[in-house]
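I would like to see how this sequence folds:
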Amino acid sequence: VANHLKTLKSRYTGFENEREENSIIIVSEKAAAAQLVHKGRTRRRLPDGKPYGGSNGRMTKSMEQKLSDYYGLAIRQTSQLAKDLDDDNAVLLMERNCKAVFMHNIKQSDREVQHSLCPTGLDSWCSYQKDKHLSIKERTDPMKDAKRLDAVFLEILSPMINTLADQSLLRRCLRDATQNANESINSALWSILPKAKYHGYRSIGDAAAIAAIFFNRGRSGLIKFFNQVGISITEELLNTLLGKDSKRVAKAEDNTQRQEIIKKYKKQ
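Below you'll find the model as predicted:
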């Protein structure tokens with residue numbers, strides 16, 4: 001989700017292509033005019049005339065994080081709920097739930113359509129569906145709806161939603177298999193070599209070997225390699241490698257704890 005939103009942000013923010021405008025400048029007391037080319041730039045705006053980012057109704061960092069967290073949560077929760085279903089029905093349920101978290105957060109004129117994929121009932125995480133079972137004073141959805149994305153984002157995010165809710169992708173996420181070993185080691189590889197640049201066979205081979213070490217042993221796995229090639233291990237180097245591994249483990253534990261908190265207190 002984060003990578004898709006990063007691409008959309010770069011596409012819909014910044015400036016439009018420079019446009020040429022004619023301007024007349026007085027160059028002498030005789031009112032002689034010289035026509036010059038003036039280059040002007042305007043900020044990109046969405047079809048509704050407003051910018052991509054900003055305050056309520058526009059894309060913010062908190063909304064990006066929210067969509068990313070809830071998408072991952074939808075996959076994990078559905079994987080648990082679908083244990084007794086066959087794979088085809090499990091994928092259909094996961095597709096519905098993944099689309100629901102996006103559609104829920106994009107305003108539409110017909111709110112029944114907006115929340116049509118959300119779970120129903122008093123225990124629903126969707127405040128709109130939950131409000132149907134509460135008194136007027138207890139309802140919370142109207143206030144929360146003001147913070148959701150404006151309707152213009154439905155068209156903008158639809159390609160991303162369809163990609164992330166593709167059944168062939170979700171099938172690989174069943175039974176909590178959100179990332180297989182090949183995908184994970186590829187991630188380690190491209191963190192060493194940027195995808196955007198060309199790399200030769202030898203560079204990729206070396207990077208793949210390092211990625212395999214990181215994947216299996218962490219940064220401290222380089223210690224054995226350094227000893228084999230005669231690189232001395234200083235205290236500073238050792239502390240750096242161990243420190244990176246500790247941060248990686250701490251981040252993983254923090255992410256797990258955060259997901260548990262979201263799962264427990266998720267209120268929409």
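
when you work out contacts or count neighbours from here on, use the C-alpha atoms and nothing else.
Noted.

which residues of the chain fall in strands?
19-26, 33-40 (DSSP state E).

now Ser55: how far from Ala146?
11 Å (C-alpha to C-alpha, to the nearest Å).

can you check Thr78 too?
Applying C-alpha to C-alpha to Thr78 and Ala146 gives a distance of 28 Å.

I'd like to know how many residues surround the spatially closest residue to Arg58 that is not a sequence neighbour.
Nearest residue to Arg58, sequence neighbours excluded (C-alpha to C-alpha, 6 or more residues apart in numbering): Leu149, at 5.5 Å. Using other C-alpha atoms under 10 Å, Leu149 has 23 other residues around it.

any chance you could list what contacts stretch 249-261?
Identification of contacts with stretch 249-261 by C-alpha atoms under 8 Å, 6 or more residues apart in numbering yields 69, 73.

what are the buried residues along that stretch?
For stretch 249-261, the neighbour count (16 or more other C-alpha atoms under 10 Å) marks Gln259 as buried.

mind checking how far it is from the chain centre?
17 Å (C-alpha atoms, centre = their mean, to the nearest Å).

cool, and stretch 216-234?
So, by C-alpha atoms, centre = their mean, the centroid of stretch 216-234 is 34 Å from its chain's centroid.

ok, residues contacting that stretch?
Identification of contacts with stretch 216-234 by C-alpha under 8 Å, 6+ apart yields 213-214, 238, 241-242, 244-245.

confidence score at Thr234?
Reported pLDDT at Thr234 in the predicted model: 91.

how near is it to Arg248?
From Thr234 to Arg248 the distance is 22 Å (C-alpha to C-alpha).

re earlier: just the buried residues of the contacts of stretch 216-234.
213-214, 241, 245.

looking at these, which are in helices?
Of the buried ones among the contacts of stretch 216-234, the ones assigned to helices by DSSP state H are 213-214, 241, 245.

columns distance to Lys61 and pLDDT on top of these, output as CSV?
Converted to CSV, those look like this (distance: C-alpha to C-alpha, whole Å; pLDDT from 0 to 100):
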residue, distance to Lys61, pLDDT
Ile213, 34, 87
Phe214, 30, 85
Leu241, 31, 88
Asp245, 27, 86
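
of these, closest to Leu169?
Phe214 (25.7 Å; C-alpha to C-alpha).

hmm, that closest one is touching Ala188, no?
Yes: look at Phe214 against Ala188 with C-alpha atoms under 8 Å: they come within range, at 7.3 Å.

shared neighbours, the two?
Applying C-alpha under 8 Å, 6+ apart, one finds that no residue jointly contacts Phe214 and Ala188.
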